[in-house]
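> please find the sequence and the predicted model below.
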Amino acid sequence: MFQSFEDLSDPSCGAPHAALLRAELGRLGLDGFLIPRADAHQGEYVPPHDCRLQWLTGFTGSAGVAAVLADQAAIFVDGRYTIQVREQVDMEVFPAAHLITDPVTNWLASRLKPGQKIGVDAMLHTVREVRRLRKVCEAADAELVTLDENPIDTIWVDRPEPPLGEIKLYPLELAGKVSEDKIAEIQAALSEKKADACVLTQPDSIAWLLNIRGSDVTHTPLPLSFATVPSTGKPSLYIDGRKLSNSVRDALSELTELAEPGEFMEGLKALGRDGANVMIDPSLAGIGIADAISDAGGSLIEAQDPVLLPKAIKNEVELKGAREAHIRDAAAYIRFLCWFDEEAPKGELDEIGVAEKLEEFRRDTGVLKDISFDTISGAGPNGAICHYRVSHSSNLKIPMGKPFLIDSGAQFEDGTTDITRTLAVGDVSAEMKKHYTLVLKGHIAISTARFPEGTTGAQLDTLARIDLWQAGLDFDHGTGHGVGAYLSVHEGPQRIAKTGTTPLKPGMILSNEPGYYPAGEYGIRIENLEIVTKARDIAGGERPMLGFETITLVPMDLRMVDIALLTDRERAWLNSYHDRVRGEIGPLVGAKERIWLEQATKTI
């Protein structure tokens, strides 16, 4: 079982823990403290050892920050978690605010008093974040204090131990490129920037660069570690040696200088003492990293993590693996859909049972490593919570007459999958079909888009929303995120969103997932994964174009579609997509599923 359905809310959070923290802050001479949902790697998945925000407040979402002053506090989350935060957090102790539109900096600016000292953990707040916070503090004649030790760690008496997941080598037949060549590519980029070295804080960057995978966090094969890469010579890898078998240690010793995590700060100071020009990513590196280098005499070059873009542009071997993983996943998913259609009308299914059954079909492939994130299995009003996490206390029966939303993915060694389908359970209303079809039109618009080189995700994002906008509707999340190669299901820097500023390049994999969520009623989302490709020449066109290759091959639910709202072009796309699903996946499933698939992909 890869997913736990335990209720993660902790009734002992809130006021008792806030009181303990305030007492500790008083001992340290601090007037306040900020607690982000982050570890020193700024990753999406945080090991239990570093879940300080959850320990303090009870909030389990993937983005948020709490602020604690002597007499008041607040928690800040984005639009995905506005419902969840109110269910998990004591609003009397931590009133909720929007992380983006009403950020913690605004909250502090209206409350800080001259002479106050606000603390932050130097490894949990990035260079860019600290700059914003310092500006606010200075404007109020207050002081931002960066701490080497986190006060929560002192009072968290039952804090879990750090993870010690085993490190494995990722074979060349799946990676497609030897680590030596990857290192040389990064070193060439450093030389172009006149950097003597760079600091890597993202475990997926390190995993890709060194062709390793780990198991330190849930659902993503990450080796929690740090690295520095010099412009010439071996990189240094700071990783707990207990994670390494003798054979893996030997292999990594050929590539890197191995050191323990406790030696990382001294390694940074050594770069500084050498007067090195060191590249750091200010949006990913903690301020403690920057200070260690600069305080020792080094110079900082601020630039994007040089591994992010090469990692995002998959090579042909990685793309082949992604396609094969999606074909395998589609066969498992179609078996699940056939089962769901048979069982749902009986009225006995619940959210947990459905999530478990889908996981079972994926396990039956014999090669599933993990799910790629906790399955979002949302019935009725729970479907309207974008990042809903089902637990035993929230588990609902699947009701008739409403859409059911299920967002899930798999980690196979050759690829990472992520798919959302919204399914009709019984007869759904005309309004539900209308909303689904507006979302589908946005999905098709992204899938069929043609765009010139240099186009960013922000420029495409409107395509997914325009039909919803015309109906006065929208959704409060990005349209698409990058996806890794047996790495993170949420990968940057590529994304289709209002904030997606990275130009899309051939070889990138992105999700295509518009949605609509009437609060308290139901949720709708349709998600496929797409590879950015060079598009065929367009007759009469003057410029080469890029486009998308859809690699998710699972039927849309035609019972949710209002055919009258589709254009001829959209109807043709849907029929063509279903023809492809039937032709490629039909031979991989049993006779019963093939009969179901014929009906599910009929021409409209």
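Yep, it's here.

> quick check, central residue of the protein?
Nearest to the mean C-alpha position of the chain, by C-alpha atoms, centre = their mean, lies His490 at 3.2 Å.

> need the phi and psi values for the spatially closest residue to it that is not a sequence neighbour.
Leaving aside its sequence neighbours, His490 sits nearest to His481 (C-beta to C-beta, 6 or more residues apart in numbering; 4.9 Å). Just so you know, the C-beta spots here come from the backbone N, C-alpha and C atoms, and that holds for glycine as well. With angles defined as degrees, to the nearest 10, His481 sits at phi -120, psi 160.

> now the residue nearest to the centre of the chain, what are its backbone angles?
In terms of degrees, to the nearest 10, the main-chain angles of His490 are phi -120, psi 100.

> now for it: which residues touch it?
His490 sits next to 44, 481-483 when contact means C-beta atoms under 8 Å, 6 or more residues apart in numbering.

> so which of these is surrounded by the most neighbours?
Using other C-beta atoms under 10 Å as the neighbour criterion, Val483 leads the contacts of His490 with 28 neighbours.

> wait, isn't it in contact with Asn512?
No: assessed by C-beta atoms under 8 Å, Val483 is found out of contact with Asn512, at 11.0 Å.

> any idea how far the residue nearest to the centre of the chain is from Ser12?
Counting by C-beta to C-beta, to the nearest Å, the gap from His490 to Ser12 is 30 Å.

> again with Asn106
Noted for Asn106: a distance of 30 Å to Ser12, by C-beta to C-beta.

> ok, now Leu237?
38 Å.

> those two: which has the busier surroundings?
More crowded of Leu237 and Ser12, by other C-beta under 10 Å: Leu237, with 25 against 9.

> what about the longest helix in the chain?
Scanning the chain for the helix with the most residues, using DSSP state H, yields helix 316-343.

> quick check: next helix or strand after that one?
Proceeding N to C from helix 316-343, the next assigned helix or strand is helix 351-363, under DSSP states H and E.

> off-centre distance for that following helix?
21 Å (C-alpha atoms, centre = their mean, to the nearest Å).

> next, the angle from that helix to helix 316-343.
For helix 351-363 against helix 316-343, the angle by axes from the mean of the first three to the mean of the last three C-alpha atoms, to 10 degrees is 130 degrees.

> buried sites along helix 351-363?
By neighbour count on 16 or more other C-beta atoms under 10 Å, the buried set for helix 351-363 is 351-352, 354-355, 357-359, 361-362.

> same check on stretch 25-45?
Neighbour counts using 16+ other C-beta under 10 Å place 25, 30-45 of stretch 25-45 among the buried residues.

> out of the buried residues of helix 351-363, the closest to Leu164 would be?
Nearest to Leu164 among the buried residues of helix 351-363, counting by C-beta to C-beta, is Glu359 at 25.3 Å.

> any idea how far the closest one lies from Phe5?
According to C-beta to C-beta, Glu359 and Phe5 sit 11 Å apart.

> where in the protein is the helix or strand with the lowest mean pLDDT?
Within the chain, no helix or strand scores below helix 82-88, which has a mean of 86 by mean pLDDT, DSSP states H and E.

> by contact count, what packs against that helix?
Using 3 or more C-beta pairs under 8 Å, 6 or more residues apart in numbering; DSSP states H and E as the contact test, the elements touching helix 82-88 are strand 73-77, strand 96-98.

> go again using 6 Å as the cut-off
Contacting helix 82-88 under the criterion 3 or more C-beta pairs under 6 Å, 6 or more residues apart in numbering; DSSP states H and E is no other helix or strand.

> got phi/psi on the residue nearest to Arg111 when sequence neighbours are not counted?
Excluding its sequence neighbours, the residue lying closest to Arg111 (C-beta to C-beta, 6+ apart) is Leu69, at 6.5 Å. Backbone torsions for Leu69, taken as degrees, to the nearest 10, come to phi -110, psi 180.

> partners of Leu69 in the sheet?
Per DSSP bridges, the residues bridged to Leu69 are Gly32.

> pretty sure it contacts Gly32?
Yes: the pair Leu69 / Gly32 is scored as a contact, 4.3 Å apart, by C-beta atoms under 6 Å.

> so where do the strands sit in the stretch 51-200 of the chain?
Here the stretch 51-200 of the chain has its strands, by DSSP state E, counting those that start in this stretch, at 65-69, 73-77, 96-98, 117-121, 143-147, 168-169, 197-200.

> ok now the fifth one, how far from the chain's centre?
Computed by C-alpha atoms, centre = their mean, the chain-centroid distance of strand 143-147 equals 29 Å.

> which other helices and strands does that strand contact?
For strand 143-147, the elements it packs on are strand 117-121, helix 127-139, judged by 3+ C-beta pairs under 6 Å, 6+ apart.

> which of these sits most buried?
Most buried of the helices and strands packed on strand 143-147, by mean neighbour count (mean count of other C-beta atoms under 10 Å): strand 117-121, with a mean of 22.

> that strand versus helix 127-139: what angle between them?
Going by the same axes, to 10 degrees, strand 117-121 makes 170 degrees with helix 127-139.

> average pLDDT across strand 117-121?
Mean pLDDT, strand 117-121: 98.

> strand partners of it, parallel vs antiparallel please.
strand 32-36 (parallel), strand 143-147 (parallel).

> which among the ones you listed is found nearest to Ala331?
Judged by C-beta to C-beta, the one of these that comes nearest to Ala331 is strand 32-36, at 40.6 Å.

> which residues sit against the closest one?
Strand 32-36 has contacts (C-beta atoms under 6 Å, 6 or more residues apart in numbering) with 25, 52-53, 56, 65-69, 118-120, 124.

> going by distance to Lys592, which of these wins?
Checking these against Lys592 by C-beta to C-beta gives Leu53 as the nearest, at 46.6 Å.

> neighbours around the closest one, how many?
Neighbours of Leu53 (other C-beta under 10 Å): 26.

> my read: it touches Arg37, true?
Yes: with contacts counted by C-beta under 6 Å, Leu53 reaches Arg37, the gap being 4.3 Å.

> ends of stretch 411-424, how far apart?
27 Å (C-alpha to C-alpha, to the nearest Å).

> can you give me the offset of it from its chain's centre?
14 Å.

> swap in stretch 174-189?
Chain-centre distance of stretch 174-189: 24 Å, with C-alpha atoms, centre = their mean.

> let's see it as PDB, backbone CA atoms only.
C-alpha atoms of stretch 174-189 as PDB (Å, rounded to 0.1, in the frame of the first residue of the first chain):
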ATOM      1  CA  LEU A 174      16.600   4.600 -18.800                       C
ATOM      2  CA  ALA A 175      18.600   7.700 -18.300                       C
ATOM      3  CA  GLY A 176      19.800   8.000 -21.900                       C
ATOM      4  CA  LYS A 177      22.900   9.900 -21.000                       C
ATOM      5  CA  VAL A 178      25.900   9.200 -18.800                       C
ATOM      6  CA  SER A 179      26.500  11.300 -15.800                       C
ATOM      7  CA  GLU A 180      29.900  12.400 -17.000                       C
ATOM      8  CA  ASP A 181      28.300  14.100 -20.000                       C
ATOM      9  CA  LYS A 182      25.700  15.800 -17.900                       C
ATOM     10  CA  ILE A 183      28.400  17.100 -15.600                       C
ATOM     11  CA  ALA A 184      30.400  18.400 -18.500                       C
ATOM     12  CA  GLU A 185      27.200  20.200 -19.900                       C
ATOM     13  CA  ILE A 186      26.700  21.900 -16.500                       C
ATOM     14  CA  GLN A 187      30.400  22.900 -16.300                       C
ATOM     15  CA  ALA A 188      30.200  24.400 -19.700                       C
ATOM     16  CA  ALA A 189      27.200  26.500 -18.600                       C
END
